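Participant: dropping the sequence and predicted coords here.
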Amino acid sequence: MINVGILGATGAVGQRFVQMLAGHPWFSLQVLTASERSAGKRYADIVNWRLDVPFPEEIGDLTVSPTTVDAVKECDLVFSALPADVARGIEEEAAAAGVGVCSNASSHRMDPDVPLVIPEVNPDHLGLIDLQHERGRDGFIVTNPNCSTIMLTLALEPLRTFGFSSVQVATLQAISGAGFRGVAGMEIYDNVVPYIGGEEEKMATEPRKIMGSLNGSEIEPAPFTVSACCNRVPVIDGHTLSVWVDIDRPIDEVKEAFRSYAAPFSGLPTQPERSVEYLEQPDRPQPRLDRNRGNGMTVSVGRLREGLRFTALGHNTIRGAAGASVLNAELIYKKKYL
């Protein structure tokens, strides 16, 4: 078993990590970190469990540690659910100390030698781990993308062979993406907020790195542009995307590409049966009905029309956050980087 820890185990994404790692067949959850005021206490006593699944009682007796390198230096791998401003330093220190870091934070996503990975799309980018080692880092940092970037890029992957140069996307993003206290009730109830700080910039840059080519020691960005408009809507979980792509191919041909798409690997515990699933109903996908497909790890696609236009949806705290990091870690383990 691989001993793992979670940096920032009490927030929305941290709790998803706990849920997904409790009883994991490959990873043994040994360390949970949180703020100084929670350190030294039982996890069950300090966490305000807000997920719609039962609390994993076997984790409740773990003593919470402060968020320091000393707390995790005996782990083989840590999962980071820290805010970006806190994550940068602690993740670098952990990697320097020989610990593998799978991060959900944005701090290192665009670093030239850090892989920004969606396993179904760019598993070869894990080769940058070797470059980190050559540059003197005993451990490594691997990141997963922004939640909406993951939904968009996975939906684009089956279309890669058609070629495209322009992607436009409008997002309808769930409030859980802002954390438990991220959006005040009076701000979001009966409302749509047409701004999410930094989100549109991430969507413009991250897909090009993910779908780019690893040429030796650097990634050459993919040759397309992304124009995004991001909106916060009063949905608890599940980000919905309306996507336009400049592909001029028959609709039936594009639909078949979605239907026949299969991941380039198998056998990872968190991997869904279908990473991308095409839905035929004219009014799908919908967050409440489709966000939990594949245990929250499937991206649903539907409403394919001339243009080329379609709708995509995924669970933002599972496929778009904790589940993405866990799947990355499973691929890292399978490729023998641990």
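Facilitator: Done, it's in.

Participant: residue boundaries of the strands in the stretch 101-250 of the chain?
Facilitator: In the stretch 101-250 of the chain, the strands defined using DSSP state E, counting those that start in this stretch lie at 140-143, 166-173, 213-215, 218-220, 225-232, 239-245.

Participant: now do the fourth one: everything it contacts.
Facilitator: By that I understand strand 218-220. 112, 125, 128, 209, 212, 213 (CB atoms under 8 Å, 6 or more residues apart in numbering). C-betas here are computed from N, CA, C, even on glycine.

Participant: got a PyMOL select line for the buried ones in these?
Facilitator: In PyMOL, the members of the contacts of strand 218-220 classed as buried (16 or more other CB atoms under 10 Å) are selected with the following command:
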select buried, resi 125+128+209+212
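
Participant: in CSV: the contacts of strand 218-220, plus pLDDT and distance to residue 83.
Facilitator: Below are these laid out as CSV (pLDDT from 0 to 100; distance: CB to CB, whole Å):
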residue, pLDDT, distance to residue 83
112, 97, 23
125, 98, 25
128, 98, 24
209, 98, 22
212, 98, 27
213, 97, 32
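
Participant: narrow the contacts of strand 218-220 to those in helices?
Facilitator: Of the positions in the contacts of strand 218-220, 128, 209 sit in helices, assigned by DSSP state H.

Participant: count of residues packed around residue 227?
Facilitator: By other CB atoms under 10 Å, the residues close to residue 227 number 13.

Participant: quick one: pLDDT of it?
Facilitator: Looking at residue 227, its pLDDT is 98.

Participant: over to the one 4 residues further on?
Facilitator: Per-residue pLDDT puts residue 231 at 98.

Participant: quick revisit: between the contacts of strand 218-220, which sits nearest residue 337?
Facilitator: If you rank the contacts of strand 218-220 by distance to residue 337 using CB to CB, residue 128 comes first, at 10.8 Å.

Participant: what is the burial count for the spatially closest residue to that closest one that is not a sequence neighbour?
Facilitator: Excluding its sequence neighbours, the residue lying closest to residue 128 (CB to CB, 6 or more residues apart in numbering) is residue 115, at 4.6 Å. When neighbours are counted by other CB under 10 Å, residue 115 registers 28.

Participant: from memory residue 115 sits against residue 132, does it?
Facilitator: No. Using CB atoms under 8 Å, residue 115 is not in contact with residue 132; the gap is 9.0 Å.

Participant: follow-up on the earlier one: how near is the residue nearest to residue 128 to residue 104?
Facilitator: Using CB to CB, to the nearest Å, residue 115 is found at 14 Å from residue 104.

Participant: same thing with residue 14?
Facilitator: Relative to residue 104, residue 14 is positioned 9 Å away (CB to CB).

Participant: who touches both of those two?
Facilitator: Common neighbours of residue 14 and residue 104 (CB under 8 Å, 6+ apart) are residue 81.

Participant: give me the more crowded residue out of these two.
Facilitator: residue 104 (30 against 24).

Participant: how much space separates that one from residue 7?
Facilitator: 10 Å.

Participant: shared neighbours, these two?
Facilitator: 79, 80, 81.

Participant: so which of those residues comes closest to residue 165?
Facilitator: Checking these one by one against residue 165 (CB to CB), the nearest turns out to be residue 80, at 34.2 Å.

Participant: what's the spacing between that closest one and residue 143?
Facilitator: Counting by CB to CB - residue 80 and residue 143 are separated by 9 Å.

Participant: which residues do those two both contact?
Facilitator: Contacts common to residue 80 and residue 143, judged by CB under 8 Å, 6+ apart, are 102, 103, 104, 105.

Participant: wait, the last one touches residue 79, no?
Facilitator: Right, the one you point to is residue 105. No. At 10.4 Å, residue 105 and residue 79 do not qualify as touching, with contact defined as CB under 8 Å.

Participant: more neighbours: the two, which one.
Facilitator: Between residue 105 and residue 79, residue 79 has the larger neighbour count (other CB under 10 Å), namely 31 against 25.

Participant: so which residues make contact with the helix or strand hosting the more buried one?
Facilitator: Taking DSSP states H and E as the criterion, residue 79 maps to strand 77-80. Residues outside strand 77-80 that contact it (CB under 8 Å, 6+ apart) are 2-8, 17, 21, 27, 31, 72, 87, 90-91, 94, 99-105, 322, 325-326, 329, 332, 338.

Participant: what about 7 Å?
Facilitator: For strand 77-80, contacts defined as CB atoms under 7 Å, 6 or more residues apart in numbering pick out 2, 4-8, 17, 72, 87, 91, 94, 99-105, 325, 329, 338.

Participant: mind checking how far it is from the chain centre?
Facilitator: Averaging C-alpha positions (CA atoms, centre = their mean, to the nearest Å) puts strand 77-80 13 Å from its chain's average.

Participant: give me the sheet partners of that strand and which way each runs.
Facilitator: Strand 77-80 pairs in its sheet with strand 2-7 (parallel), strand 100-103 (parallel), by DSSP bridges.

Participant: give me the mean pLDDT for the last one.
Facilitator: Right, strand 100-103. The model assigns strand 100-103 a mean pLDDT of 98.
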